[in-house]
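1. what follows is a predicted structure for the sequence shown.
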Amino acid sequence: MTIRRLLAADAEAFHHLRLEAFRLEPRCFRYAPQDEAGVGAAERAARLERDFVAGYFADDALAGAAGLAFFSGAKLGHKALLWGMYLRAAHRGSGAADRLMDALLEQARLRAEIVTLTVVDENARAKRFYERWGFTTYGVEPHAAKLGDGDYLDEALMALRLR
């Protein structure tokens with residue numbers, strides 16, 4: 001099990017992992033496969049250079065990832081956004097998610113005071129995971145995402161104060 005920052009050279013593997021996540025877990029993400037499919041190669045590489053994205057590798061294959069974006073500006077520079085956490089089902093319960101979160105929070109502590117995230121409100125397993133790491137819910141956005149069948153997903157807004 002290896003955790004490391006993803007670089008531009010990892011963009012294609014990361015892209016395929018995100019497509020898989022959105023296809024296999026449509027009720028767990030606000031994005032759809034077609035959203036990720038529309039992201040060009042240059043933009044995929046730039047995202048990995050801009051944000052801190054930690055990848056979990058098993059047998060030299062990318063099996064999970066999560067990102068951390070830092071806000072900028074005089075009034076928002078103290079915040080980071082955790083996004084896109086996904087781990088292939090075969091690796092859930094292995095401790096890999098904790099190792100990804102540890103890598104993200106290690107980076108966040110260097111630059112941020114607060115980490116925020118959104119999680120689909122019905123995703124109880126993910127919410128419990130974030131709560132175990134100290135995140136608390138401060139609101140719920142109703143109908144945050146609309147599925148192709150006309151159903152809606154509410155998103156819980158969560159935050160963790162680092163200092």
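-> Thanks, I have it.
2. quickly note the distance from residue 31 to residue 7.
-> 22 Å (Cβ to Cβ, to the nearest Å). From N, CA and C alone the C-beta is placed, and that goes for glycine too.
3. what do you get for residue 22?
-> Distance, residue 22 to residue 7, using Cβ to Cβ: 22 Å.
4. list the buried residues of the helix or strand of the chain with the lowest mean pLDDT.
-> The helix or strand of the chain with the poorest confidence is helix 33-37; it has a mean of 85 (mean pLDDT, DSSP states H and E). For helix 33-37, a neighbour-count test (16 or more other Cβ atoms under 10 Å) marks 33, 36 as buried.
5. check stretch 146-153 too.
-> Across stretch 146-153, burial judged by 16+ other Cβ under 10 Å covers residue 153.
6. now that stretch: average pLDDT?
-> Throughout stretch 146-153, pLDDT has a mean value of 93.
7. likewise for stretch 78-87?
-> 97.
8. quick one: that stretch to chain centroid distance?
-> In terms of Cα atoms, centre = their mean, to the nearest Å, the centre of stretch 78-87 is found 4 Å from the chain centre.
9. so what touches that stretch?
-> Defining contact as Cβ atoms under 8 Å, 6 or more residues apart in numbering, one finds that stretch 78-87 is touched by 17-18, 20-21, 25, 29, 51, 53, 56, 63-71, 96-97, 100-101, 104, 108, 111-117, 126.
10. in strands only, show me the residues you listed.
-> 53, 56, 63-70, 114-117 (DSSP state E).
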